[in-house]
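**Student:** pasting the sequence and the predicted coordinates here, then a few questions.
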Amino acid sequence: MSDTDVNPADLQRQLDDIRGAMGLTERYPGRARLWLLAGILVGTVAIAVQVTFFFHESISATAYVVIWGGFVIVAVLTLWLMAARLPKTDAPETAPSWRALFGSLGVFLVAVSSVPGEVAGQVGGLDRALLYFGIVLAVLGLALLLSGVVLSAYRVRRRDRLVFYVGGAWTLVFASMLPYVDVLRYLGLGIFGALFALYAVLAYVYLTR
């Protein structure tokens, strides 16, 4: 092979290295805007659900299941939209399935929620809501952390994956504090909605600057 011959495998590796150094927005245009969508959806629904806390004495267990389920659906669909809409043709062989990841998280959420179900029926509406919404927020934080890990398989640079890691970490911390801080017991979900919306805006600015 002459000096001018090009090894296709070597060339592909070089191209992969170059693309691996690119950010999320350069490699997948429009992805950063999904953070704004997530902030609007999750933030708005969380604040709306917070309003129901002021009626916790009159809301039945069935109503809480419906409210909780609505928040879960919005949160899961938003994360799915953020994470799973990467080009399938660009997925490396080592990349795990987004469907398997979020499917597993959904099954985990249902399983975990059913464990304290009997106990939850014996406590007041506010404590029951805190229990279930704390679980939802914890799973949401876990999903963000796992999304950052999966994006590493897509060779997205660490700087851009940090928004998923940081978002997941503070969401988990926030969820763990719900039962212990008085203001969070009554206004925690609304505060989370406002903070998540703000964080989404900051993430968008960070990814696009």
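**Tutor:** Yes, it's here.
**Student:** first-to-last residue distance for stretch 146-161?
**Tutor:** In stretch 146-161, first residue to last residue: 10 Å (CA to CA, to the nearest Å).
**Student:** buried residues, it. List them.
**Tutor:** 146-148, 150-151, 154-157, 160-161 (16 or more other CB atoms under 10 Å). Just so you know, the C-beta spots here come from the backbone N, C-alpha and C atoms, and that holds for glycine as well.
**Student:** please apply the same query to stretch 202-209.
**Tutor:** Buried, per 16+ other CB under 10 Å, within stretch 202-209: 203-204, 206-207.
**Student:** I'd like the residues you listed as a markdown table, with pLDDT, distance to Val51 and secondary structure appended.
**Tutor:** Listed next are those as a markdown table, based on pLDDT from 0 to 100; distance: CB to CB, whole Å; DSSP: H, G, I helix; E, B strand; the rest coil:
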| residue | pLDDT | distance to Val51 | secondary structure |
| --- | --- | --- | --- |
| Ala203 | 92 | 26 | helix |
| Tyr204 | 90 | 27 | helix |
| Tyr206 | 90 | 31 | helix |
| Leu207 | 86 | 31 | helix |
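**Student:** out of those, flag the one nearest to Leu36.
**Tutor:** Tyr204 (5.2 Å; CB to CB).
**Student:** could you identify the longest helix within this structure?
**Tutor:** If you go by DSSP state H, the chain has its longest helix at helix 125-153.
**Student:** continuing past that helix, what's the next helix or strand?
**Tutor:** helix 158-177 (DSSP states H and E).
**Student:** so what touches that next one?
**Tutor:** With CB atoms under 8 Å, 6 or more residues apart in numbering as the test, helix 158-177 has contacts from 23-25, 35, 134-135, 137-138, 140-148, 151-152, 184, 188, 192, 195-196, 199, 203, 206-207.
**Student:** now it: mean pLDDT?
**Tutor:** On average, the pLDDT along helix 158-177 is 93.
**Student:** just the angle between it and helix 125-153, please?
**Tutor:** Helix 158-177 runs at 160 degrees relative to helix 125-153, counting by axes from the mean of the first three to the mean of the last three CA atoms, to 10 degrees.
**Student:** buried residues, helix 158-177. List them.
**Tutor:** Quick answer for helix 158-177 (16+ other CB under 10 Å): 160-161, 163-168, 170-172, 174-175.
**Student:** what segments of the chain are helices?
**Tutor:** 8-20, 24-27, 33-53, 61-84, 98-114, 117-120, 125-153, 158-177, 182-208.
**Student:** the longest one - what's its average pLDDT?
**Tutor:** In other words, helix 125-153. 81.
**Student:** check the fifth one too.
**Tutor:** Mean pLDDT, taken over the full extent of helix 98-114, equals 73.
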